[in-house]
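Undergrad: Next input, structure requested:
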Amino acid sequence: MESDAPVTTPLDTAGTFFASRMSPGRAAPAGHDADHTALCVADPTLSEYFTDNAADGAVTAFVFGQLTQIAASGKPVLWVQDRVTQRESGKPFPAGLPAGLRLILVTVNRAVDVLWSMEEGLHCDALGAVLGELWGDPPALDFTATKRLALRAEARSIPALLIRRAAHPNLSAARQRWRITSLPARLDPDDNRAPGAPLWQADLFRARGRAPGQWVAGPGDAGVVLSHNVHMNDAPHHAARIAG
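TA: Numbers count the residues shown, from 1 in each chain. This next block holds a predicted model:
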């Protein structure tokens, strides 16, 4: 006897980054944590993402998980990489991007060109988001530069996301600052020798209007979801099969 009822997991019931901000006094939807559903990482401001291992792909997956709804809107995303980052971490692989995402890739030589391209992109209302990747701690990326990006993103209501590889969290005007690292994947429900759904450690170490926190993150239908408690043998969207 088999049942096709979906398995409920902690990540299924956790909040989604793309959940809209709840109005004051409004109750959280059933099955969701009110604190999580109030968080929207894709807010139209500047957010920074760091990783302990410069070659770790978790930070890219974490960021692009937040672009799912932007892809659904049909608006393109401007992605600006410096050449060092592109050499060390690679170019985008279309098959690994959110379905339907329209991407404009720009490769530049200097950090100042990344910042200039991002700021110019934030002038364009046709873009859904602006994403930049920078290597190290270039002098051009100072508090003034991040303040300009944050204010421009907020003025135009366009999210600005900045991935920092081989970098230190120096002084910045970014409204949210994350550190993302890879975790062991879930167990594959059909083959215990194969990796299942990915998991990431997500540490929010600075945020405007919100307390810092640490979560286990994973991909969800509408973006990225957070949880404080994840069982490795739980597999989202997997139909339970019970022999009888």
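Undergrad: Where does the spatially most central residue of the chain sit: helix, strand or coil?
TA: Closest to where the C-alpha atoms of the chain average out (C-alpha atoms, centre = their mean) is residue 63, at 2.5 Å. With DSSP: H, G, I helix; E, B strand; the rest coil as the basis, residue 63 sits in helix.
Undergrad: can you pull the pLDDT of it?
TA: What the model reports as pLDDT for residue 63 is 91.
Undergrad: try residue 96
TA: Looking at residue 96, its pLDDT stands at 81.
Undergrad: For it, give its distance to residue 54.
TA: 18 Å (C-beta to C-beta, to the nearest Å). Every residue, glycine included, has its C-beta placed from N, CA and C.
Undergrad: So the two - more neighbours on which side?
TA: Using other C-beta atoms under 10 Å as the criterion, residue 96 and residue 54 rank with residue 54 on top: 17 against 10.
Undergrad: which residues does the more buried one contact?
TA: 88-89, 135, 165-166 (C-beta atoms under 8 Å, 6 or more residues apart in numbering).
Undergrad: Now do the contacts for residue 178.
TA: Applying C-beta under 8 Å, 6+ apart, we find residue 178 in contact with 47-50, 62, 202-205.
Undergrad: and the two most separated of these?
TA: Pairwise distances across the contacts of residue 178 peak at 14.4 Å for 62 and 205 (criterion: C-beta to C-beta).
Undergrad: For the two, indicate the residue with more neighbours.
TA: Counted by other C-beta under 10 Å, residue 62 and residue 205 do not tie: residue 62 has more neighbours, with 28 against 13.
Undergrad: For the more buried one, give me its contacts.
TA: 49, 178, 180, 200, 202, 217, 224.
Undergrad: Please tell me how far residue 103 sits from residue 130.
TA: As judged by C-beta to C-beta, residue 103 and residue 130 stand 12 Å apart.
Undergrad: Those two: who's more crowded?
TA: residue 130 (28 against 16).
Undergrad: what pairs with that one across the strands?
TA: Per DSSP bridges, the residues bridged to residue 130 are residue 78, residue 160.
Undergrad: give the contact list for it.
TA: Going by C-beta under 8 Å, 6+ apart, residue 130 touches 77-78, 80, 118, 121-122, 153, 158-161.
Undergrad: can you do 10 Å?
TA: Applying C-beta atoms under 10 Å, 6 or more residues apart in numbering to residue 130 gives the contacts 46, 77-80, 104, 117-124, 149, 152-153, 156, 158-162.
Undergrad: By residue count, tell me the biggest helix in this structure.
TA: Of all the segments of type helix in the chain, defined by DSSP state H, the longest one is helix 143-156.
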